[in-house]
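Participant: this one's structure only:
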C-alpha cells in the first residue's frame, strides 16, 4: 500500500482537503478495517480559501474506495480517549509528540510499509518519568492490517499529519522513509483567517496565550505566533515535501482535484 502524507500549518485545511480527496476518489466500499466512518461534508470557505474543520473527538479514519484517509490528530484522540488539549495539559508537548510518534508508527506498520523489526525497535517514549503509561504501550496494539476489500496492492493511505509532527526527529524520519508528502502551503493571511473563522485559536495548545483580537503587529497576536512558527517550520516542510501545492484561493474541491489529477491519488 502506498502512503501519502498531507503536511502544512494549522489552519491550512489538511483534514478537510484530505476527506474531500477521499470522497472524490471513492469507487466502492472498503471492508476489513475496524474504524467507523466520519462525516465527510465540506466546511464553509472564507474568501475562497479552505477552512479547517471543527474536530469531532469521536471520529476516526474515513474509509471508502481504494483510498483510506486518516487524520492523525483524530486517531490519537480516538486511541487515547482524551483530547489533545488534555494530553498537553497532563504531559506537555513532549508527551504528546511521543504519543503522536507511536500512533504514526502503528499506522505505517498496519499499512505494510513499516517492517515489524523496525516498528518493534523504535525507541520507547522518554517523556514519562516512569516509562509509558498503561494506556500508551509502546509495542502498540495493531488491530489488524489496513486493507481494502479488493486487496488492491495499488491502494493508498492518505494521512493528514499534525502541524508539528515533523518537528519530532523520529516522526520526521518515519515520514521521510515511508511516505510521499504533499505540502499544502498557504499564506499567513489565509491561515489566520481560517483559524479565526472556526474559533480554533483558543483550542490549539500551540497557540496558547494568543489573543485572536489583537492587531496583527502585536507580539501576542495570532499573526505574530503563526509567523514565528512559519519561520521555524517552513524550511522543514519544504525539505520534507515531494510536492508543494499553493492553496491560497482554492476551495476544498479545487485543492482535492489538483491532488487527485496531478499526484496520482
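Facilitator: Perfect, thanks for sending it. No experiment lies behind these values; they were computed from the predicted model shown.

Participant: which residue is nearest the middle of the protein?
Facilitator: residue 161 (2.3 Å; Cα atoms, centre = their mean).

Participant: ok, it - contacts?
Facilitator: Going by Cβ atoms under 8 Å, 6 or more residues apart in numbering, residue 161 touches 5, 6, 7, 14, 72, 104, 175. Any C-beta I mention is one placed from the backbone N, CA and C, and that applies to glycine too.

Participant: mind checking which of those residues land in strands?
Facilitator: Applying DSSP state E to the contacts of residue 161, the entries found in strands are 5, 6, 7.

Participant: which of the residues you listed lies closest to residue 215?
Facilitator: Distance to residue 215, by Cβ to Cβ, is smallest for residue 7 among the ones in strands among the contacts of residue 161, at 29.7 Å.

Participant: who does the closest one bridge with?
Facilitator: Residue 7 has the following beta-bridge partners by DSSP bridges: residue 183.

Participant: wait, it sits on residue 182?
Facilitator: Yes. If you go by Cβ atoms under 8 Å, residue 7 and residue 182 touch, sitting 7.1 Å apart.

Participant: so what sits against both of the two?
Facilitator: By Cβ under 8 Å, 6+ apart, the residues touching both residue 7 and residue 182 are residue 241.

Participant: so which residues of the chain form strands?
Facilitator: With DSSP E as the criterion, the chain has strands spanning 2-7, 45-46, 49-50, 62-64, 67-71, 156-160, 180-185, 243-246.

Participant: deepest in the core, which of the ones you listed is it.
Facilitator: Among the strands of the chain, strand 49-50 has the highest mean neighbour count (mean count of other Cβ atoms under 10 Å), at a mean of 28.

Participant: mind listing the helices for this structure?
Facilitator: Taking DSSP state H to define them, one finds helices in the chain at 14-25, 72-80, 84-111, 116-121, 169-178, 188-197, 222-240, 252-263.

Participant: so the fifth one versus strand 180-185, what angle?
Facilitator: Between the direction of helix 169-178 and that of strand 180-185, the angle (axes from the mean of the first three to the mean of the last three Cα atoms, to 10 degrees) works out to 120 degrees.

Participant: now swap in the third one and tell me
Facilitator: Per the same axes, to 10 degrees, the angle that helix 84-111 makes with strand 180-185 is 150 degrees.

Participant: of all the strands of the chain, which one is nearest residue 233?
Facilitator: Closest among those, using Cβ to Cβ: strand 2-7, at 9.4 Å.
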